[in-house]
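Asker: Provide a 3D model corresponding to the input given below.
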Amino acid sequence: MRRYLLFFYLSFVFVSMGAQVIPMPQSMKTGSESLTLNDETSICYASQTLLPAAEYLQAQLKNCIAIDALMSSGKKGTVRLAIKKQKTSGAYTLSITSEGIDIKGSDYPGVVNGITTLVQMLLLQGTTLQAVSISDAPCYQWRGFHLDCSRHFFTRDEVERIIDLMALYKINRFHWHLTDDQGWRIEIKKYPLLTERGAWRKYNNQDSICVKRAKTEDNIDLLIPNDRFKVVDGDTLYGGYYTQDDIRHVVAYARQRGIEIMPEIDMPGHFLSAIDNYEGLSCFPQTGWGTFFTTPLCPGKDRMIEFCKDVWREVASLFPYEYVHIGGDEVRKDTWEKCPDCQKRMKDEGLKDEKELQSWFIHQMEAYLKSLNKKMMGWDEILEGGLSKTASVTWWRTWSPDVPDQITAQGNRIIYCPVAPFYFSQPSQPHSLRSIYEYSLHTDKMDDRQRNLVMGVQGCLWAEGVPTIERAEYLFFPRMLSLSELAWTQPDRKNYDDFSQRVVAHYPLLHKLGVNYRTPDAQGFFGTNAFIRESDINITCSDPIATLRYTTDGTAPRQDSPVLGKLKIDQTTYLNIRPFLPDGRCGEVTHIKYVKQGYLEAVNPAKPVETGLTAAWYDYDGEACSEITKAKFNGTYHVSDCVIPDACKGNIGLVISGYLQVPADGIYTFALMSDDGSWLKIDGNMVVDNDRPQSPHEEIAQQALKAGLHHLELRYFDHNGGLLRLYVNDDQGRRLSPADIYRR
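Answerer: So this is what the prediction gives:
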């Protein structure tokens, strides 16, 4: 009986560990056998094209389980690599028995995908692997990650570190943002000043903000690395760049791991690092920053067109894949309006406005890229002024939700990377993993033809506030795990609850690899928590190797601060908590309020109320909710929920007012999401304060309320059509319907 129970337990452990793979395979069957790898383990590859994959696996075995496996061509070995043609690129089968391991891919990337699944199992299980049979294929071919190396620079080794981690989770497209206003990062031999001067800049506000945050947040990952500075003529300059040999090395490194690289040379805007170093590229000699963006290139000058072609000729020769990215976003057009060369170009080409002038320039570049056997991709602004039939688009502007329908209706391909939730440079929030995991990569309006034009999805990391690789990893993980499964796993195989359990198993894996991942949010609290007499604090963290420490005096918790266990409080308390890992690394400080309250009394309106709320729209271009009503009044709308009325465009200042119908005495929870700022007041009391310029951010707070009606005022501002959402939950955690609670 004991022997049977032991066998059952070991089988359960094997099944549990085998099922922890991310992304979830299409089909996985486990067996009762096992295979132990040792110093006699060998790798064989069926064809010479798989030698790089075999070398990659050999290195992974050495890193993961300290085994230096022998390699040989042929079909005899412990781990056998082969290609077996299938319909889907990247598909593979993986079979582990007591006799060995077989990995068969539909192509080279498929073999690498099988290897990365095996590597995950080694990291989770060690040298003894459970028997398993996996048949797997990707849902989307474009599973991407974008890295901005212009605002802050990442070395070649650091870029390759990111590529290693991408490969482990089957992220197979690296969108490499190589140029922008703050730095030109790729060597162009015809124009050496691009890197001699354009790759270096004086200390700027992006640096100073990072340094300030490093101090206030007690976080060394936000300090600028010393090796990014050099002194020239007494000036300390920040920067760095990749030689063409560096580029070739990274391309080969990524190719071995089944990853294609798409370079981005952003134009006609975001080009100041070149414009300031070569004459004749802009409309006028005076250049710099406008209200929001920098001086663009001048489409009226043939000299500029030739310069861009020269750049693309060298860039295209370094990247052997089909796509390159032209940027095309956030372009100032006021200089074009005043430029005689631009106006002449518009007249000669029959262009009616500056949007069409930008489109003309983009088309010129696309035609040239086609002559270099490249396909062009751009940010979704290239839709303005007319999109060619062959261009592909990365959609990023969350506030332009119709763009995917427009692009695919025209027959163009699209990659989803909207700011919310795929800009990983934005702070992670408690809902981030779920919002990525459950994101739909199509709209309800799309037909089957349009859905087939969705190439996939990518996460984007912009480096204004990311000065180190450690900070990049912190922002990238664990959100990359959600991105991985969204992009790879078939929808009918996805289950967020199951996924979240597998993520927990991957925290020790990431720790083993030295990844500076973001410790998951602690659970069991809101930003502001209300209680009447006393409250039990029971805050937990799902990371099994993390320890929560706390302070109550306003300081940031340190390694020697008390460990957070169960606490009982009977007075208002301000709690700071912070997770620590065994190696001393720590996460961000979370500030939590526990506020002792009495119930707010209900009010009696002078007039009968009806369902809904009233929204007043002001033409407000500021950044403070308190100032909204000082702006020009545009009109009043009846709304059924706390939403932005469809008529509100451009500068938006909203004051949504009415009553909250509370069904019973209790403590109610309010989750206010906005992009940009917002606040929520009930009976004149500030309940949720989200009042600041920001990308989508959710604040959650509680308020004790008596049954009945309570005055509600929600204020919101944005300047380009953002995001507003309010959820109300009762003291049992049930979400209340807007139709049941809002009155005017």
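
Asker: any weak-confidence spans in the protein?
Answerer: Counting by pLDDT under 70, the chain contains low-confidence ranges at 1-18, 721.

Asker: tell me the contacts of P401?
Answerer: Counting by CB atoms under 8 Å, 6 or more residues apart in numbering, P401 touches T443. No exception for glycine: its C-beta is placed from N, CA and C like everyone else's.

Asker: again with the one 5 residues further on
Answerer: For Q406, the set of contacting residues under the criterion of CB under 8 Å, 6+ apart consists of L383.

Asker: Let me know the next secondary structure element after the one helix or strand it maps to.
Answerer: Counting by DSSP states H and E, the element that carries Q406 is helix 403-409. Using DSSP H and E, the helix or strand that follows helix 403-409 in sequence is strand 414-416.

Asker: What strands line up against that next one, and which way round?
Answerer: Applying DSSP bridges, strand 414-416 is found paired with strand 392-395 (parallel), strand 454-461 (parallel).

Asker: After that strand, which helix or strand is next?
Answerer: Next along the chain after strand 414-416, taking DSSP H and E as the criterion, comes helix 419-422.

Asker: List the contacts of that next one.
Answerer: Applying CB under 8 Å, 6+ apart, the contact partners of helix 419-422 are 396-398, 416, 426, 432, 435-436, 439, 457-460, 483, 675, 695-696, 723.

Asker: Now with 6 Å, please.
Answerer: Residues from elsewhere that reach helix 419-422 (CB atoms under 6 Å, 6 or more residues apart in numbering): 398, 435-436, 459, 695-696.

Asker: Out of the residues you listed, grab the one that's most surrounded.
Answerer: Compared across these, G459 has the highest neighbour count, 27 neighbours, by other CB atoms under 10 Å.

Asker: isn't it right up against S484?
Answerer: No: using CB atoms under 6 Å, G459 is not in contact with S484, being 9.6 Å away.

Asker: Leaving out sequence neighbours, find the closest residue to R479.
Answerer: The spatial neighbour of R479 that comes closest, neighbours along the chain excluded (CB to CB, 6 or more residues apart in numbering), is F424 at 5.5 Å.

Asker: My guess is that neighbour contacts A463. True?
Answerer: No: the pair F424 and A463 fails to qualify as a contact (CB under 6 Å) at a distance of 11.0 Å.

Asker: Now do the contacts for I741.
Answerer: 660-661.

Asker: Tell me how far it lies from D730.
Answerer: 10 Å (CB to CB, to the nearest Å).

Asker: try M377
Answerer: 47 Å.

Asker: What is the burial count for the nearest residue to Q26 once chain neighbours are set aside?
Answerer: Using CB to CB, 6+ apart and skipping residues adjacent in sequence, the residue nearest Q26 is D136, 4.8 Å away. D136: 26 surrounding residues under other CB under 10 Å.

Asker: Which among the strands paired with strand 414-416 is found nearest to S208?
Answerer: Closest to S208 of the strands paired with strand 414-416, according to CB to CB: strand 454-461, at 20.5 Å.

Asker: Show me which positions of the next helix-or-strand element following the closest one end up buried.
Answerer: Counting by DSSP H and E, the next helix or strand C-terminal to strand 454-461 is helix 469-476. For helix 469-476, burial by neighbour count (16 or more other CB atoms under 10 Å) applies to 469-476.

Asker: higher neighbour count, M377 and D730?
Answerer: Set M377 next to D730 and count neighbours by other CB under 10 Å: M377 wins out with 26 against 17.

Asker: Quick check: the gap between the more buried one and V419.
Answerer: According to CB to CB, M377 and V419 sit 18 Å apart.

Asker: Quick check: phi and psi at the residue most central in space within the chain.
Answerer: Nearest to the mean C-alpha position of the chain, by CA atoms, centre = their mean, lies F424 at 2.8 Å. When quoted as degrees, to the nearest 10, the phi and psi of F424 stand at phi -70, psi -10.

Asker: Which residues are in contact with it?
Answerer: Neighbouring residues of F424 by CB under 6 Å, 6+ apart: 459, 461, 475-476, 479.

Asker: OK, contacts around T287?
Answerer: Neighbouring residues of T287 by CB under 6 Å, 6+ apart: 275, 295.

Asker: could we number from 13 for the rest of this?
Answerer: All right, first residue 13 from here; so that's T299.

Asker: Looks to me like it is in a helix.
Answerer: No: under DSSP: H, G, I helix; E, B strand; the rest coil, T299 falls outside any helix and is assigned coil.

Asker: how near is it to G670?
Answerer: Taking CB to CB, one finds T299 at 50 Å from G670.

Asker: can you check C56 too?
Answerer: For C56, the distance to G670 - CB to CB - is 72 Å.

Asker: Compare these two (neighbour count), which wins?
Answerer: Neighbours per residue, other CB under 10 Å: of C56 and G670, the larger number sits with G670, 25 against 20.

Asker: looking at it, that one is touching T623, isn't it?
Answerer: No: at 9.7 Å, G670 does not count as touching T623 under the criterion of CB under 6 Å.

Asker: Could you pull out the strands in the stretch 463-612 of the chain for me?
Answerer: Assigned by DSSP state E, counting those that start in this stretch, the stretch 463-612 of the chain shows strands spanning 466-473, 540-543, 547-549, 559-563, 579-581, 585-592, 602-608.

Asker: no, scratch that, I was asking about the stretch 13-162 of the chain
Answerer: Under DSSP E, counting those that start in this stretch, the stretch 13-162 of the chain gives strands at 39-48, 54-57, 82-85, 91-95, 104-109, 112-117, 140-148, 154-160.

Asker: With distance to P237 as added columns, please give those in JSON lines.
Answerer: Converted to JSON lines, those look like this (distance: least, CB to CB, whole Å):
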{"stretch": "strand 39-48", "distance to P237": "42"}
{"stretch": "strand 54-57", "distance to P237": "37"}
{"stretch": "strand 82-85", "distance to P237": "37"}
{"stretch": "strand 91-95", "distance to P237": "38"}
{"stretch": "strand 104-109", "distance to P237": "38"}
{"stretch": "strand 112-117", "distance to P237": "38"}
{"stretch": "strand 140-148", "distance to P237": "39"}
{"stretch": "strand 154-160", "distance to P237": "16"}
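
Asker: just checking, which of those sits deepest inside the structure?
Answerer: A comparison of these by mean neighbour count, using mean count of other CB atoms under 10 Å, puts strand 154-160 on top with a mean of 26.

Asker: Tell me how far it lies from the chain's centre.
Answerer: Taking CA atoms, centre = their mean, to the nearest Å, one finds the center of strand 154-160 at 9 Å from the center of the full chain.

Asker: Quick check: which helices or strands does it pack against?
Answerer: Here strand 154-160 touches strand 185-192, strand 466-473, going by 3 or more CB pairs under 6 Å, 6 or more residues apart in numbering; DSSP states H and E.

Asker: Quick one: name whatever helix or strand follows the first one.
Answerer: Going down the chain from strand 185-192, the next helix or strand is strand 195-196, by DSSP H and E.

Asker: Return the helix or strand following that next one as CSV; C-alpha atoms alone will do.
Answerer: Downstream of strand 195-196, the first helix or strand assigned by DSSP H and E is helix 205-208. Extracted in CSV, the C-alpha atoms of helix 205-208 (Å, rounded to 0.1, in the frame of the first residue of the first chain):
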residue,chain,number,x,y,z
LEU,A,205,28.4,61.9,-37.5
LEU,A,206,25.2,60.0,-36.7
THR,A,207,27.0,58.0,-34.1
GLU,A,208,30.1,60.2,-33.5
